[in-house]
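[1] pasting the sequence and the predicted coordinates here, then a few questions.
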Amino acid sequence: MTDTATELSRSRTLWELVARRAALTPDTTVLVEAAEDPAHDRRLTFGELRDRAARVAAGLYGMGVRPGTVVAWQLPTRIETVLLSVALARLGAVQSPVIPFYRDREVGFALRESRAEYFAVPGVWRGHDYPAMAARLGARGVFDAYEDLPDGDPAVLPPPPASGTGVRWIYWTSGTTSDPKGVLHTDRSLIAGGSCLAHALHLTETDVGSMAFPFAHIAGPDYTVMLLLYGFPAVLFEKFAMPGALDGYRRHGVTVAGGSTAFYSMFLTEQRKDPGTPLIPTLRLLAGGGAPKPPEIYHAVVREMGCQLTHGYGMTEVPMITMGAPDDTPDHLATTEGRPPEGMSIRITAPDGTPLPPGTDGEVRLRGEAVCQGYLNRGRSAEVFDADGYLITGDLGRLTPDGYLVLTGRSKDVIIRKGENISAKEIEDLLHLLPDVADAAVIGLPDAERGERVCAVVEQPPGATPLTLPRLTAHLRAQGLSPHKLPEQLELLDSLPRNEALRKVLKYRLRERFA
């Protein structure tokens, strides 16, 4: 990082970081809201972010919000959403962001578990009546954050928080399992996560970023911290859909885009419609994380889009763990998740917690400032931290001798067939080499004879010839996959089930459907 960014990363609280950046570059744009009609695009500078968030904080204070008050919000990716979140950080309230696509079951769970005293909603958005849902759920303190964003005189405000180590954020796991968990974060853990991202990507004040994912996702503050550290803007997309979003990327000269593997695939699909013309002329980097990245996706992006791709490893519990850097080798960028920053300790262990040497596969465990404080359900917290204070991630992987992390799957993604362990990720990576595979998920299904059988669920690109099991297994054999790992079942779907945040495949739904 630059000297300025390094100094800013030591800020004790998110509000302190906002204030310091605003003092440095008050007139520099931080957010651009891309509308379908360019005439309706909106902008916000770093100075306006500080000043307007202070007024919103005063309005919230007048409503009764105090340090420690729990405020849930379920809002799309708009400037008002960022203002509200920064205002709550100014007050030292505890905020509980909820992905805007969640409905009664998930929202009701989050409101009950967090004991939210206030609930900010967007009115009617994309055909869904959020105030009506809030009424059904008996939510307290409901207010429309867009039609009536609170406003007041900052002179009434108490001093801002002095410490960033108290729990002020409750994030909800993104839904790849059926039961969400409330994850507890501090200002400092979020600043540490954003600093990791900023450190790896080598961005400058001349870059233009983009947020095409829900700001309510843990990636929201991750990315915002990066903007504050380096002083460059990001384009906000309330709705990300191809090809409609492309105009916003092109119009504002986005240099850094991404989100997750599904986003890379969508960009590639559009690029392939006109291979000879750069999809986004200013784009030099795709970056993201949150889901496995097959090596072929990396090579396809570099080859076909003419830009670099860096992928990282993060989770709701630890917003950024490792990140590939643009100057890493192609092999590292294609086959690893990058390296951890200073302050993040990764330990690969046996199931009993015994540390394993580099190059050995095992459980991935983490310790560092970016790691969450645990869960709302304290019983769950006790289950996932070991005696040395390392978070047991449930992921499997290994560290290379030069310190890069290679993920090989989830512990629950290991298929045990006739007593032999099979990595779902290994098979998925090989399936992505087939042109007739747009995406693939490999799952284990109960089998009386084998214990589990290997099932490949495939999403094909438009116009592809329907894939058959013999053709699929012939391809895997040609790639050198051991016979005992070959899928015994193939299911074709128009689209794999995904969550609405970073478009992760929901394997539990596939297991439920095909078991």
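    Thanks, I have the structure now. Residues are numbered from 1 along each chain as shown.

[2] can you report how many residues neighbour the nearest residue to Arg272 once chain neighbours are set aside?
    In space, and not counting its chain neighbours, Arg272 is closest to Glu304: 6.9 Å by CB to CB, 6 or more residues apart in numbering. No exception for glycine: its C-beta is placed from N, CA and C like everyone else's. Glu304: 14 surrounding residues under other CB atoms under 10 Å.

[3] again, but for Thr282
    Counted by other CB under 10 Å, the residues lying close to Thr282 total 16.

[4] that one touches Val254, doesn't it?
    Yes - counting by CB atoms under 8 Å, Thr282 does reach Val254; the two are 6.2 Å apart.

[5] next one: phi and psi at Phe385?
    Dihedral pair for Phe385: phi -110, psi 130, per degrees, to the nearest 10.

[6] just checking, Cys220 touches Leu227?
    Quick fix: residue 220 is Gly, not Cys. No - using CB under 8 Å, Gly220 makes no contact with Leu227, being 11.0 Å away.

[7] sorry, back to before: what's the overlap in contacts for Thr282 and Val254?
    Common neighbours of Thr282 and Val254 (criterion: CB atoms under 8 Å, 6 or more residues apart in numbering): Val208.

[8] pLDDT weak spots in the protein?
    Scanning the chain for pLDDT under 70 picks out 174-179, 412, 419, 500-502.

[9] could you list the domains of it?
    3-191, 418-514 (automatic domain parsing).

[10] gap between the residue nearest to Arg272 and Met211?
    Going from Glu304 to Met211 by CB to CB, to the nearest Å gives 24 Å.

[11] now Gly451
    Note on Gly451: its distance to Met211, by CB to CB, is 44 Å.

[12] equivalent analysis for Pro67, please.
    Distance, Pro67 to Met211, by CB to CB: 28 Å.

[13] what about these two, which has more around it?
    Met211 (23 against 15).

[14] isn't the more buried one up against Asp222?
    No - using CB under 8 Å, Met211 makes no contact with Asp222, being 10.1 Å away.

[15] before we move on, the earlier item: how about CSV for the domains of the chain, with distance to His332 added?
    Formatted as CSV, the domains of the chain follow (distance: least, CB to CB, whole Å):
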stretch, distance to His332
domain 3-191, 23
domain 418-514, 16
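
[16] out of the ones you listed, which is closest to Ala387?
    When the domains of the chain are compared by CB to CB, domain 3-191 sits nearest Ala387, at 20.3 Å.

[17] alpha carbons of the longest helix along the chain, as PDB, please.
    The residue-count maximum for a helix in the chain (DSSP state H) belongs to helix 46-63. What follows is helix 46-63, C-alpha atoms only, in PDB (Å, rounded to 0.1, in the frame of the first residue of the first chain):
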ATOM      1  CA  PHE A  46     -15.700  12.200   0.000                       C
ATOM      2  CA  GLY A  47     -16.500  15.500   1.700                       C
ATOM      3  CA  GLU A  48     -20.200  15.100   1.000                       C
ATOM      4  CA  LEU A  49     -20.100  11.500   2.300                       C
ATOM      5  CA  ARG A  50     -18.800  12.800   5.700                       C
ATOM      6  CA  ASP A  51     -21.100  15.800   5.900                       C
ATOM      7  CA  ARG A  52     -24.300  14.200   4.700                       C
ATOM      8  CA  ALA A  53     -23.700  11.100   6.900                       C
ATOM      9  CA  ALA A  54     -23.300  13.400   9.900                       C
ATOM     10  CA  ARG A  55     -26.700  14.900   9.200                       C
ATOM     11  CA  VAL A  56     -28.300  11.500   8.800                       C
ATOM     12  CA  ALA A  57     -26.700  10.500  12.100                       C
ATOM     13  CA  ALA A  58     -28.200  13.500  13.700                       C
ATOM     14  CA  GLY A  59     -31.600  12.600  12.300                       C
ATOM     15  CA  LEU A  60     -31.200   9.000  13.600                       C
ATOM     16  CA  TYR A  61     -30.200  10.400  17.000                       C
ATOM     17  CA  GLY A  62     -33.400  12.500  17.000                       C
ATOM     18  CA  MET A  63     -35.400   9.200  16.400                       C
END
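
[18] tell me how far that helix lies from the chain's centre.
    27 Å (CA atoms, centre = their mean, to the nearest Å).

[19] same thing with stretch 505-515?
    21 Å.

[20] buried set for it?
    Neighbour-count burial for stretch 505-515, counted by 16 or more other CB atoms under 10 Å, picks out 505-511.

[21] repeat for stretch 451-467
    Residues 452-460, 467 are the ones in stretch 451-467 that count as buried (16+ other CB under 10 Å).

[22] now do stretch 212-225
    Judged by neighbour count (16+ other CB under 10 Å), stretch 212-225 contains these buried residues: 212-225.

[23] closest to Gly290 out of these?
    Nearest to Gly290 among those: Ala219, at 7.1 Å, using CB to CB.

[24] rewinding a little: who touches the helix or strand containing the residue nearest to Arg272?
    Under the criterion of DSSP states H and E, Glu304 resides in helix 295-305. Defining contact as CB under 8 Å, 6+ apart, one finds that helix 295-305 is touched by 261, 264-265, 267-268, 271-272, 275, 278-279, 283, 286, 307-309, 311, 330, 333-335, 429, 432-433.

[25] same check on stretch 21-37?
    4, 8, 41-47, 49-51, 78-79, 82, 205, 227-229, 231-238, 244-245, 248, 251-252.

[26] in helices, which of those fall?
    Checking these against DSSP H, those in helices are 4, 8, 46-47, 49-51, 79, 82, 227-229, 248, 251.

[27] tabulate these (a markdown table), appending neighbour count and distance to Ile443.
    Converted to a markdown table, the ones in helices among the contacts of stretch 21-37 look like this (neighbours: other CB atoms under 10 Å; distance: CB to CB, whole Å):
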| residue | neighbour count | distance to Ile443 |
| --- | --- | --- |
| Thr4 | 16 | 47 |
| Leu8 | 23 | 44 |
| Phe46 | 25 | 46 |
| Gly47 | 17 | 51 |
| Leu49 | 25 | 44 |
| Arg50 | 20 | 48 |
| Asp51 | 13 | 51 |
| Ile79 | 21 | 40 |
| Val82 | 26 | 38 |
| Leu227 | 23 | 38 |
| Leu228 | 29 | 40 |
| Leu229 | 27 | 40 |
| Gly248 | 23 | 36 |
| Arg251 | 13 | 41 |
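
[28] out of these, who's nearest Ala438?
    Within the ones in helices among the contacts of stretch 21-37, distances to Ala438 taken as CB to CB reach their minimum at Gly248, with 24.1 Å.

[29] contacts only, for that closest one.
    Contacts here follow CB under 8 Å, 6+ apart; on that basis Gly248 touches 34, 235, 237, 254.

[30] wait, doesn't the third one sit right on Pro214?
    No - with contact defined as CB under 8 Å, Phe237 and Pro214 do not form a contacting pair (10.2 Å).

[31] which neighbours do these two have in common?
    Contact criterion CB under 8 Å, 6+ apart; residues shared by Phe237 and Pro214: Thr77.

[32] could you report the neighbour count for Arg78?
    Arg78 has 19 neighbours, counted by other CB under 10 Å.

[33] against Arg477, how distant is it?
    Arg78 is 50 Å from Arg477, by CB to CB.

[34] which SSE is Glu383 in?
    Glu383 is part of helix 378-384, with elements assigned from DSSP H and E.

[35] right, I'll leave it there.
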